[in-house]
Structures are given as structure tokens and as C-alpha cells.
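task: produce atomic coordinates for the following.
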Amino acid sequence: MKKQITYCISIVVALFFGSAIYAQTVKGVVLDVNGTLLGVNVVEKGTTNGTATDFDGKYTITVLDPKAVLIFSTIGYVTKEIAVNGQTQINVVLSQDLQTLDEVVLVGYSSRKKSTLTGAVSVVDMVDLEKTRVVNVTQALQGQVAGVQVTASTGAPGDPIQVRIRGEGTIGNNDPLYVVDGVPTRDISFLNQADIKSMSILKDASAAAIYGSRASGGVVLITTKTGQVGKVTFDVNYYAGIHYASNLPKMLNAEQYMNTVEKAWNNSSRTGTNPYTADKGRADFSDTNWLDQLFETGHSQNFQFTASGGSDKIQFLMSLGYYDQDGIVVFDHDKYKRLNYRTNLNVNLTERLKIGTNLQLTYATQDALSSRGDEPGIIRHALLRPPVLGVYKNPNDPTYSVKDPFTDLPFYKNRNTGGWESNKYEWSQNPIALAYFTDDVRKSYGTFGNIYAEYAFLKDKSLTFRTSLGLDLTFFHNKVFNENFGDDDGGGNEKDQGLGRQNRPNNLNEDRGESRTVTFNNTLNYAKTIHEKHDISAVIGTEFIDNYDSSIGVSRMRFGITDKTFRYIDYGSTEVDLWNGGSASEWALFSFFGSATYVYDTKYMITSNFRADASSRFSEKHRWGYFPSVSAGWKISDENFLKDVSWLSNLKLRAGWGKLGNQEIDNYAYLTLISQIDGKVVVTRYGNSDLKWETSESVNYGIDFGFFENKLSISTDYFVKRTTDILLPVGLPSIVGDVSPTIVNAGEVVNKGLEVTLNYRNSSREFKYGINANIATLINSVERLQTKQVGQSLNSFFGYKMIGIYQNQAEINSYLSGTFNPTAKPGDIKFADLNKDGIIDSNDRTFTGDAIPDLTYGITLSANYKRFDFSCLFQGVEGVDKFNDAKKIIDFDTRPFNYTTNILGAWDGEGTSNTIPRVTFEDNGSSKESSLYVEDASYFRLKNVEIGYTINAIQGLQDVRVYLSGLNLFTATKYTGLDPESTDTTDKGTYPLSASILLGINVKF
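Numbers count the residues shown, from 1 in each chain. Below you'll find the model as predicted:
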């Protein structure tokens, strides 16, 4: 026994010292043709032992195996393997991987080389994307891809972002489908930008048909980062910034306002003494700039930590992210916070069997306020409240209280002894008070991810089976407390007499719910190259998606104590006005799909996709939908007659056709709904059992160019997309009863356009630079749709066309010859008499604008010189209109609200103006919906700019990069509203996008 123990110890000692004997330190430099390379991964093959080159391209690694092989790899260069063979100094020259056409692209349930793509697939440049510092990853797509329009709904933190791929083709949901690590979803606001490895966008039906009924708005495929073989690496990124409002309209000050309303009184049919003349110079007047009072400097910070690594058997990545932003409105009631945790794990159980998981946990909370001009309209009231009213009451005012120190009704004294002066200064609300008393908190808790297993069959592993179970689970909790405040105007319920006019009585509304979607898919992939000329790839599969939503809600009024500690349902009154409710719904989708690609001699390629979907949202006779596609390509540059053309690297023709679907309607729309009201059973909505799929059929023609070893690449696409059987809610006549609209298939819309993308990279000198530019045109036309005129776009404006200002009475008399007693006066708006009958009436209404842009574009510039790097993104749209309702109520309302300084140029006598009507308290034509309020909302914006400097001389760290970023620093536009970019076609006073300055640091070790 002792001999055996001694023998074992001897073996262990021999192994230990043996490894020490064979340990060898290898040093060297990694270069390319231009010089040293930073950040090249150097890994001992088959182990986790690795390092990376420093800023001078140097590396040092200790290998433990005399037969060790070192792997040198980095993005953009061809990976090289070198055997150590006892060498202590190994210098390596890497060659640039200019054959970007061999890049592998995710195309749906499989991947293919970019050189074999035949559909309209755009691959997002992740290098450019990483330098856009945004909270919602969809914002990072803005200006990056031709034909993809990204628009913020508002500038409020946490508000949604709208993405449109090749325009709008339906009345309902035009959002794209997102597929993250194989799991479909309609929202990716939970994702951290730093976690994303790749993004590709399927823009046409020939590429997206494999996603069938959910792909009519396009498909965005996203893969998240995974760990790589090598030592554990850490990445820490932190930035903090300030945000501020810019491009604000200039409002009248108190003196200008009083002169303007004095003139408005004089220009109106009023009798008696002008009250504004008498009010000039009042001691209790203020001179308030309400926009200055409302907007403040916002703050944000972002922290991202990532750890990753692995061996041949296991690769892992773990990341933690935190973001918070306090918006630009006072009192911190426009905050957004998000906390993310992600873990990605891949385990190679055998050479053929792999399992893994991609899982993210998210918690987000938004302090929301009215950001779109909606009730109570905080931004809107900051625009229209007169400057002569102060923000706060005088503490000596008998109506002043510490709890509610804000002015409300104009010069309010007491309802019973003096009242207020609303007849002169109107009943606008104090926007600062509205912001102060806002308490609207929206919380969500999410789990998103999947678990999967993958097994390779056949000797060459060319046949792979993959099964995946995905989960998209969200719990939400929304809680709104509306506190009573403001002056007593004498209204309200008898129980509430004497309370302020806002939120009378106080009340609490609370909602909780969950949304759960489970996705189970199974695929069989085959990829094989036969005799070096025949490339065959195919995938078949099934997918089952099950969704369940439920929610409960409750409200209470008349809280005796309004301190935040007591803002819970139990503390409200239970005597009257009680409400509670709850509901649930579910839908399911079952699918068969398949795709096949054949490439001959790298020159001729054809791809076909097919998907069959069965949706629970349609009756049994229309449950199944079928979505085929086919596309082909010809790589002309590989033909013998072009092979000697050295400057031409790539020339490929593409063409494709396919069909996509849309099932985004309410659940059970084909069923008639009934409910019990006051003991009676009544119909609340009539169903439509003939309801069927909305279908989009499209054709796409493309041509791709590559020049000078693909340093310069140009891609163009022309498409026509026709959407038929549009899912349209139609209201029934009142004689039928008070019922919700019935969904029917009605209408046809066509989108067509041209897309061009240009990319140039010059890395042949010490100063490296790149240009990425894209431009896209779009024509949206209604061919058939209820309430819409054929030939116009879906989002078009209809009204009267303003052609000038009446300069004198003679002009009125001659122009309005069909009216016996024209009501117009000199200085009023002159509208086009389209039918030439001398009368302005509804027969003269016409289309006045289009809210769908004709042109979208983006330009990204990037450069590197030694340790400095620079990037900037310019983005814009052209040929888009917006209805400026805020302009209508500010400058042209018949009530004495405030005005912008534009009103100082109003008509004031013959020849003084032909664009702005006389200022008045009576209708000067401004009550009509007209082209006066439809403004060109085209803009050119410096969306993002960043400059960075990298330091690598810090021991123990791979590198440290510090950077300074700016967002929305410059905007050129003719639009007079707060922001031309918002998604609302009617602007009632939208929370504007803020300009931002960020300072950050990125540490890798």
C-alpha cells in the first residue's frame, strides 16, 4: 500500500514539475500592412489561456504545452494559427479580411453567407451602432439602414420608439417583428445596446416570408453576444450626461402680450372701453417665460458591466446594466430607470450535442407625464399661458397655501367676493403646478430568453436538429394618483364643494397585469457543398406560439390624507364612485415553414421560402394562411468575362417576390361580444366570421456593386409592396346601437420606393476613415380604402388651402361673389375657391399635406488616427408634413392665450402681410382646418457625434477609452413646433427631444 501511495505521489509531482518544465513564455508583436494592431486576441488553442495585444501591438503569453498552437484573431482580419515549436518570439502579420461578402448573416432560423443573399437584407454596422449612446436600442438604428425610419414618439424618458420598414401599409399595426436569439417579440426596449452582437433586417417578402403572418411590417433579427474561448475578460462602460431643451419657440413677453391683446380687442366687434389698455402697467402683473420655467437641465447615467470567457466545452457571458434619466421638465416627475441582467451560456456536451440558454431579466420604472399634448397637457399649457400670470401666488394672498402655492385662475381672489379675470386672461392651467402634482408611476418586470439544444447528424455534421423553448414574460403595475389642487371655481359634486378645480375630487387608479408568450420551435437544418460547386442549404421546422394576457384594475376617490404613505386603495372612500374590474385574453399561432437555397459555382443562386400559419384570431374557415416567396441572384463579377477587371470586386443582380401576412387585431374579432348592462344582455360588438388575413405582396429588384477589393460598396433596391384585404375597424350606424367597431377586410394600399446604400472604408494609412450613407424614397398610395381618397397617402391631411390674406374690402367683394353678405374682413385668411363658385364651403376642401416622408437618409462618418477616434451621424427626412395644432391654439385662437413672436408680423393694414392674418378675438378664418397649420416637418439633424481617446499604458488593463458624446446638438428645420421628429401627425404640444452631452469611460481588462 505504501508503495502504491508513493507511486501516485511521484506521478503527481512529475506531472506538476513536468508542466513547469514545459512552461514557456512567448512574446511578440502583431501587425498589419499599416503598423501594429491593438486588441488582437492571442489564445493557446484548446485552452482558456489567452491574452490580447496592447496599444503597441505587443503581447506576452505563457504556454504549458510544448506542442502549443497560438490563435491570433480580431474583427476585420483573417484568423491565423501558428505552432510555438519552442519559439520565444513570434511576430505575426495579419491580412485584412476584405471579403466582407463572406460574412455570415442571420436570415431566419438559419444563416447564410452575405454573398449568397438574394432578398432585401440589410446588415447593421455594429461598429457605427456602438457609438450611438441611446437608451432604447431601436433608436440606434436611426439613419443606419436605407428604408428604415426610426422616430421617437416624444422626447420624454421611457416613451416608445416607432420603427417603420418601407413605410406604412395598413391602418392597424405597422410595427416590425423582432426576433432576439430566435425568440419573437414586438418590443425590444428591454435590450441593452452593449449586449447585441449582430442585427440584420429583412425588408422584403422574399426574405421575410419564412416569418409569415407576423412579418408584414418587416423583420429585425438580433443575436446577443456570447463568450469566446480564452481567458475571462471584463468590460466596464460608464457614462453620465446632461440634457436640455433646444429649438424652443420664442414667446411674447408681458409687454408684447399686452400690446397684442389690446390690438386683438380693437380688431374685434367689441363695445366699451378696451380692458387691456387700462390693465397696462398693473402692479400685480408678472413677466413669466413659461417655457423657461418648465424646462430644466436633465441628467442621466449608464453603467454596463460584462464578463465573458470560456473553453472548448463551455462559453459564457454575463452582463449587468443600469440606466436612469431625469428628464428636462421640472420636479423630477419625468424619470426613467432600467436594470438588466443577462446570462448567455453555451455548453458542448459532446462533439455533436450542444445545449445553452440566453436569458435576460429586466426591471423598469417610468414616472410618466402628459408628453403629447394630451390631458392635462403640461407642455401645451406652457405654450398658451399668458406671461402676465406668475408661477406662484404671493404668500400674503389669502388663497395662498404651502401645500398649493401655485397660481391657477387668473388673478383669483375669492369665488364669492371678487372672482377672477378669466374673461380677459382665460382659464389656462399652470403647467408648473401640473408637473408638480403629477404622480403617474409605471413599473414592469420582464423575463425574456430561451433554452435550446442542438444535435449534429451525419459524418460531416451537415444535418443539424435544433429545439428551442422561448419565454417573453412581463408583469406590469401602473399607479396614478390625481391630487386635488387649484382654485375653487364653484363646480363639482355636492360632496366636493369648495375644492380646487383640478382633479376634483382626488382619486387613485391602479392596474396590475401580466403578458406571457411562450414560443416552441423545432428546426432541421442541412448545409452541404458538393464537388466544390454545388452549395445546398435548407431548413424545415414547426413553431407554436401561445400568448396569455390578464389584468385587474381598481379606483377610489376622496382620500382624506394624500401623503404618499397613504396613496393606496384602502385609504380611499368606499361610499360612492367605486370601480374595479378585470379581464383576460389569449391567442395562439401554429406554423409549418421551410426554406431552401441552391448556389452553383458562387455565381447563380436561388432561394425559396414557405410558411403556413394557423391563427386563433380567425374563424376556422379562414384560420390558415399561406406565405410563399422566391428570389434569385446572379453574381456577374464571377463570370470569366469580368474576372480580369481588377477594380470590380463584386457585381450581383437580385430579384424576389413573396407574400407576407398581418394578424395584428384584437382577439376574438370574428366573434360577436355580449355583456350585461343594468340586468340586460346587450351586444357590444358584432363579429365577422368572414374575417381573413391581411396580405402584403411585394416584388424587389436589387443590384450590388463592390469596387477596389470591396473597399467601396454600393447596394440599390427598388420595391413595390401591395397590401390587400386590410384589417379595418368600421363603425356601425347609431340605429344599430352603441357598439364597438367591427373588423372587416377592406382596402388596398401600395408602397413603392428606391433605396441606395454606400459604404467606403479606407484603412491603408495611419489615418483610417469610413463613410456609410443611405437614402430611400417612398411613395404611399391608397388604391381602395373606406373614408380615404384613391391616390392619396394613408396619413394625409384634408382641409382648406390658404392662399393669402384679404388686403381690402374690394378684394373680398370680388372674390366672394357668391356670398350675399361676406363675413370676411380685411386681414382675414383667404382660402382657395377650388370650384370657382365665389363661396368658401366644404366643397373647397382638398388635401393639404402628407405625414409619410418622401425621403429618408443618414450619413455616418468615422475616423481613427493613432489613439484618437471620431464618429458622427447626420440623419433626416424630407417631404413630410405635420399638423401644428399647438400653433392653431396659440397664435390663432379667439381666446387671449399667449402668442409666439411670429404674431408681431401679423397683418396690420393693407400690404403689411400676406401670410399672417390680423390678430383678433373673433374668427378670422383661423377656425378652419387649413394649410395654415400644416407645416413642412422635414429636418436635417446632427443625431450623434463622439470623439474618443484610448490609453493602454496602465498595468493590468487591456485598454481604457474615454469619450465625449453629443446627441441632437444641431437641427435644421422649417417646422415651428417644439420638435419635427415626433410620431404624432397632429402636434398638440409634444415633449421635445433633448440635446445631450455625455462623458464616458470604457475599461477592458
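
residues contacting residue 863?
Contacts for residue 863 (C-beta atoms under 8 Å, 6 or more residues apart in numbering) come out as 767-770, 869-871. Glycine gets a C-beta too; all of them are placed from N, C-alpha and C.

pLDDT, secondary structure and distance to residue 821 for those residues - can I get that in JSON lines?
Below are the contacts of residue 863 laid out as JSON lines (pLDDT from 0 to 100; DSSP: H, G, I helix; E, B strand; the rest coil; distance: C-beta to C-beta, whole Å):
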{"residue": "767", "pLDDT": "87", "secondary structure": "strand", "distance to residue 821": "75"}
{"residue": "768", "pLDDT": "87", "secondary structure": "strand", "distance to residue 821": "75"}
{"residue": "769", "pLDDT": "90", "secondary structure": "strand", "distance to residue 821": "70"}
{"residue": "770", "pLDDT": "91", "secondary structure": "strand", "distance to residue 821": "69"}
{"residue": "869", "pLDDT": "92", "secondary structure": "strand", "distance to residue 821": "72"}
{"residue": "870", "pLDDT": "94", "secondary structure": "strand", "distance to residue 821": "68"}
{"residue": "871", "pLDDT": "94", "secondary structure": "strand", "distance to residue 821": "65"}
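
who wins for most neighbours among those residues?
Neighbour counts for the contacts of residue 863 (other C-beta atoms under 10 Å) peak at residue 871, which has 23 neighbours.

how far away is it from residue 999?
From residue 871 across to residue 999, the span is 16 Å (C-beta to C-beta, to the nearest Å).

please apply the same query to residue 937.
32 Å.

neighbour count winner among these two?
Here residue 937 and residue 999 are set side by side on neighbour count (other C-beta under 10 Å), and the busier one is residue 937, at 27 against 13.

quick check: phi and psi at that one.
The phi/psi pair for residue 937 (degrees, to the nearest 10) reads phi -100, psi 20.

dump the residue contacts of it.
The contact partners of residue 937, taken as C-beta under 8 Å, 6+ apart, are 877, 880-882, 973, 975, 977, 980.

looking at the residues you listed, which has the most residues close by?
Highest neighbour count within the contacts of residue 937: residue 980, with 27 neighbours (other C-beta under 10 Å).

wait, residue 662 touches residue 696, no?
Yes: using C-beta atoms under 8 Å, residue 662 is in contact with residue 696, at 7.1 Å.

which residues sit in contact with residue 902?
Contacts of residue 902 (C-beta under 8 Å, 6+ apart): 891, 916, 976.

give me the three-state assignment for the second one.
Recorded secondary structure, residue 916: coil (DSSP: H, G, I helix; E, B strand; the rest coil).

and the spatially closest residue to residue 575 that is not a sequence neighbour, how far from residue 415?
The shortest distance from residue 575 to any non-neighbouring residue, by C-beta to C-beta, 6 or more residues apart in numbering, is to residue 558 (7.9 Å). Distance, residue 558 to residue 415, using C-beta to C-beta: 21 Å.

all the helices of the stretch 201-350 of the chain, residue numbers only.
For the stretch 201-350 of the chain, the helices defined by DSSP state H, counting those that start in this stretch cover 205-208, 254-266, 275-279, 290-294.

please identify the deepest-packed of the ones you listed.
Between those, helix 205-208 has the highest mean count of neighbours, a mean of 32, where neighbours are mean count of other C-beta atoms under 10 Å.

so what does that helix touch, helix or strand wise?
Here helix 205-208 touches strand 604-615, strand 624-635, strand 648-662, strand 694-707, going by 3 or more C-beta pairs under 8 Å, 6 or more residues apart in numbering; DSSP states H and E.

so the second one versus strand 604-615, what angle?
Computed by axes from the mean of the first three to the mean of the last three C-alpha atoms, to 10 degrees, the angle separating strand 624-635 from strand 604-615 equals 170 degrees.

partners of strand 624-635, with directions?
For strand 624-635, the paired strands and their directions (DSSP bridges) read strand 604-615 (antiparallel), strand 648-662 (antiparallel).

what's the mean pLDDT across that strand?
Here strand 624-635 scores 95 as its mean pLDDT.

tally of neighbours for residue 574?
Residues near residue 574, counting by other C-beta under 10 Å: 11.

do you know how far it is from residue 478?
As judged by C-beta to C-beta, residue 574 and residue 478 stand 22 Å apart.

mind putting the strands paired with strand 624-635 into CSV with mean pLDDT and distance to residue 826?
Formatted as CSV, the strands paired with strand 624-635 follow (pLDDT from 0 to 100; distance: least, C-beta to C-beta, whole Å):
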stretch, mean pLDDT, distance to residue 826
strand 604-615, 95, 62
strand 648-662, 93, 53
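
any idea which of those gets closest to residue 521?
strand 604-615 (12.0 Å; C-beta to C-beta).

take the closest one, keep the C-alpha atoms, and write them as PDB.
Extracted in PDB, the C-alpha atoms of strand 604-615 (Å, rounded to 0.1, in the frame of the first residue of the first chain):
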ATOM      1  CA  TYR A 604     -26.100  31.500 -59.700                       C
ATOM      2  CA  MET A 605     -28.300  31.400 -56.700                       C
ATOM      3  CA  ILE A 606     -32.000  30.800 -55.900                       C
ATOM      4  CA  THR A 607     -33.900  30.800 -52.600                       C
ATOM      5  CA  SER A 608     -37.500  29.800 -51.800                       C
ATOM      6  CA  ASN A 609     -39.400  30.200 -48.600                       C
ATOM      7  CA  PHE A 610     -42.800  29.000 -47.500                       C
ATOM      8  CA  ARG A 611     -44.800  29.300 -44.300                       C
ATOM      9  CA  ALA A 612     -48.200  28.100 -43.300                       C
ATOM     10  CA  ASP A 613     -49.800  29.800 -40.200                       C
ATOM     11  CA  ALA A 614     -52.900  28.900 -38.300                       C
ATOM     12  CA  SER A 615     -54.100  31.700 -36.000                       C
END
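
list the buried residues of it.
605-615 (16 or more other C-beta atoms under 10 Å).

which of those sits closest to residue 488?
Nearest to residue 488 among the buried residues of strand 604-615: residue 615, at 54.8 Å, using C-beta to C-beta.

so what sits against both of residue 662 and residue 696?
Counting by C-beta under 8 Å, 6+ apart, the common neighbours of residue 662 and residue 696 are 216, 723.

between these two, who's got more neighbours?
residue 696 (28 against 24).

in the sheet, who's paired with the more buried one?
Bridge pairing for residue 696 - DSSP bridges - gives residue 660, residue 723.

how far away is it from residue 165?
11 Å.

how far off centre is stretch 500-509?
From the chain centre to the centre of stretch 500-509 is a distance of 34 Å (C-alpha atoms, centre = their mean, to the nearest Å).

for stretch 173-189, that is, sorry about that
Taking C-alpha atoms, centre = their mean, the mean C-alpha location of stretch 173-189 is offset from the chain mean by 12 Å.

residue 115 should be in a helix, yeah?
Yes: the assignment for residue 115 by three-state DSSP puts it in a helix.

what number of residues lie near it?
21.

my guess is it meets residue 633, correct?
No: contact criterion C-beta under 8 Å: residue 115 and residue 633 do not qualify, at 9.2 Å.

joint contacts of the two?
Common neighbours of residue 115 and residue 633 (C-beta under 8 Å, 6+ apart) are residue 652.

helix/strand/coil for residue 822?
Going by three-state DSSP: residue 822 is coil.

swap in the one 4 residues further on?
Following three-state DSSP, residue 826 is assigned to coil.

so who does it touch?
806-809, 811-812, 907, 910, 918.

now the helices for this protein?
Secondary structure of the chain by DSSP state H: the helices cover 2-22, 126-129, 205-208, 254-266, 275-279, 290-294, 378-384, 422-425, 431-437, 809-815, 885-891.

okay, now stretch 984-993: how far is its last residue from its first?
Start-to-end span of stretch 984-993 (C-alpha to C-alpha, to the nearest Å) is 13 Å.

just stretch 178-185 next, same as before
Using C-alpha to C-alpha, one end of stretch 178-185 lies 5 Å from the other.
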